[in-house]
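Participant: Everything below, folded, please.
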Amino acid sequence: MRNTIITETHQNGEIQRFQVITGFAWENLQFAVPEFDPRAITEIARLYRLNIVEKNPSAYGRLVFFHVPDDIAFPFSDHSGTLQFFSKNITAKIQLQKLVREGNLHWAGVWKCRDTSVEEFLGQLEATHVLEMVTGKKDEITFIPIDGKVGFLSSLTFPLAVNSHFFLMDPTDLDSPFCELGTPHGLALKDGVVLNPPLNHRPCLLVDNTGICYTTQVELTDLVIELDSMHYRHNKNAIFYFRPEVRVTPPCNGTDVVITGNTVVAVNRGGNTIVPMAGFVLSLPNEISLKDTTVHFLGLEAYQFGIQVGPPMMRKSMMVDSLCCPFYNPLVEQVPYPSTVYPLPFETARAARIALGTNSEGNPVLVWAEGASKRNYLVGEESSGASLLELAQFCDRQHYQEIINLDGGGSAQIIYEGKRYLKIADRYEDNSEAERPIPLALVFSASCSQ
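Facilitator: So this is what the prediction gives:
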């Protein structure tokens, strides 16, 4: 692999650094999930405290960030009315929130509940450092589960690692009882196997089995869903409900199967199911009893790699100079879909950026546009960050062919041969780098697809 740092200077003296990685093959790229790290909860709580709650404390009450380990005594039933849950995190969130709503759980310096097993459960979470609280001025308690995929990119030991996907992060991203903070969304495809399905009608970067790369549209409804060896097709023997078209499924006599990633997290009899932000609902006309919660997506077997995150920067060697795919606008759209907070406008909003695609020769290329320090930006010393248009213009100057934007902002980083060559935009008070937790990465693996 080849690692190049390019520094460009704006007319006003600001600079922008880009890291460009080439010399790798598509077959050596794979998706990796960092090991869950309890420190991620502490870091997420810090980000919420600093960037959200302290800026508007009257809008928030007590935010309780938590993750349920597999080996902890669990005091809740996996059933609630017409719902059955297959996720401890989601079960705990719904049942704890119900106790708060009914007045049976409150905070008085310690957790107080009529059910002492719930007190013990919350105490265990605190004792094992998988529960953190951030407090505003509002008189309410909100439980926020943290996805078990969330960890740190720096924990991965590959020659190359980069954050990849958008994930649920902001309070407005959690518009469903089936949402966990940190859940990634958007197509992730390796060797014909779909790890995450396509959502939100954004373009996908696909590489076919001959090595040809192009940007195209892939919809959830293009795929066949396999569940318990049964195949389901949209508008044939099932209905796929997803955002932004649908927030709540209609009443039905059958079963709503709630899916995030490639896993069933809940089933609901009778419809009226809130569609998850990072997933969808498979609505079936009959009642079912699941034996296996793993979901398979069929229809993309002809592709060795695929990813769907942000907007394209280059298509067929032509620069994309405007936002050409949907992003949520609360002023005109009623149904939210992620990411609900995204740095727009396209032309001027600067941030750290990550991009992936093909260079002038049609070979894979990875780019990190360094972001400005969020603590102490120094003109001419720190990068200014790049707008989406500025990133597209850089790609155009390099004569790249196909480029798609990946997750940027505070998550943006490339670790090459165990080292970061640029700086993360998120900073602590002393201006040192603050690594943001992520749930999904792209890594170089020499053993991949061989």
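Participant: from here on, contacts and neighbour counts on C-alpha atoms
Facilitator: Will do.
Participant: As a quick check, tell me the outermost residue of this structure.
Facilitator: The C-alpha centroid of the chain is most remote from residue 114, which lies 36.2 Å away (C-alpha atoms, centre = their mean).
Participant: Wait, it touches residue 105, no?
Facilitator: Yes. The criterion here is C-alpha atoms under 8 Å, and residue 114 meets it with residue 105 at 7.2 Å.
Participant: And the pLDDT at the residue lying closest to residue 353 once chain neighbours are set aside?
Facilitator: Of all residues not flanking residue 353 in the chain, residue 408 sits nearest, at 4.3 Å (C-alpha to C-alpha, 6 or more residues apart in numbering). We have a pLDDT of 96 for residue 408.
Participant: and the gap between residue 408 and residue 386?
Facilitator: Distance from residue 408 to residue 386, counting by C-alpha to C-alpha, to the nearest Å: 10 Å.
Participant: and for those two, which residues touch both?
Facilitator: Common neighbours of residue 408 and residue 386 (criterion: C-alpha atoms under 8 Å, 6 or more residues apart in numbering): 351-353.
Participant: what's near enough to touch the residue farthest from the centre of the chain?
Facilitator: For residue 114, counting by C-alpha under 8 Å, 6+ apart, the contacting residues are 104-105.
Participant: can you tell me how far residue 31 sits from residue 194?
Facilitator: Taking C-alpha to C-alpha, one finds residue 31 at 11 Å from residue 194.
Participant: what is in contact with the two at once?
Facilitator: residue 188.
Participant: who has more neighbours, those two?
Facilitator: Between residue 31 and residue 194, counted using other C-alpha atoms under 10 Å, residue 194 has the larger neighbour count: 24 against 20.
Participant: Would you map the helices across this structure?
Facilitator: Using DSSP state H, the helices of the chain run over residues 39-48, 88-101, 116-127, 388-397.
Participant: any idea where the strands of the stretch 251-400 of the chain begin and end?
Facilitator: Ranges of strands within the stretch 251-400 of the chain are 251-260, 263-271, 279-284, 296-298, 303-307, 312-315, 318-319, 353-358, 364-369, based on DSSP state E, counting those that start in this stretch.
Participant: my guess is residue 246 contacts residue 275, does it?
Facilitator: Yes. Using C-alpha under 8 Å, residue 246 is in contact with residue 275, at 7.2 Å.
Participant: Could you check which of these two has the larger neighbour count?
Facilitator: More crowded of residue 246 and residue 275, by other C-alpha under 10 Å: residue 275, with 27 against 16.
Participant: Leaving out sequence neighbours, find the closest residue to the more buried one.
Facilitator: Excluding its sequence neighbours, the residue lying closest to residue 275 (C-alpha to C-alpha, 6+ apart) is residue 247, at 5.4 Å.
Participant: Quick check: phi and psi at that neighbour.
Facilitator: Per-residue torsions, residue 247: phi -100, psi -40 (degrees, to the nearest 10).
Participant: shift numbering so it begins at 13
Facilitator: Okay, residue one is now 13; in that scheme the one you just asked about reads as residue 259.
Participant: List the contacts of it.
Facilitator: 286-287, 347.
Participant: Can you tell me how far it is from residue 293?
Facilitator: Residue 259 sits 10 Å away from residue 293, going by C-alpha to C-alpha.
Participant: between the two, what contacts are shared?
Facilitator: residue 287.
Participant: how many other residues sit next to residue 107?
Facilitator: 18.
Participant: contacting residues around it?
Facilitator: Residues near residue 107 by C-alpha under 8 Å, 6+ apart: residue 88.
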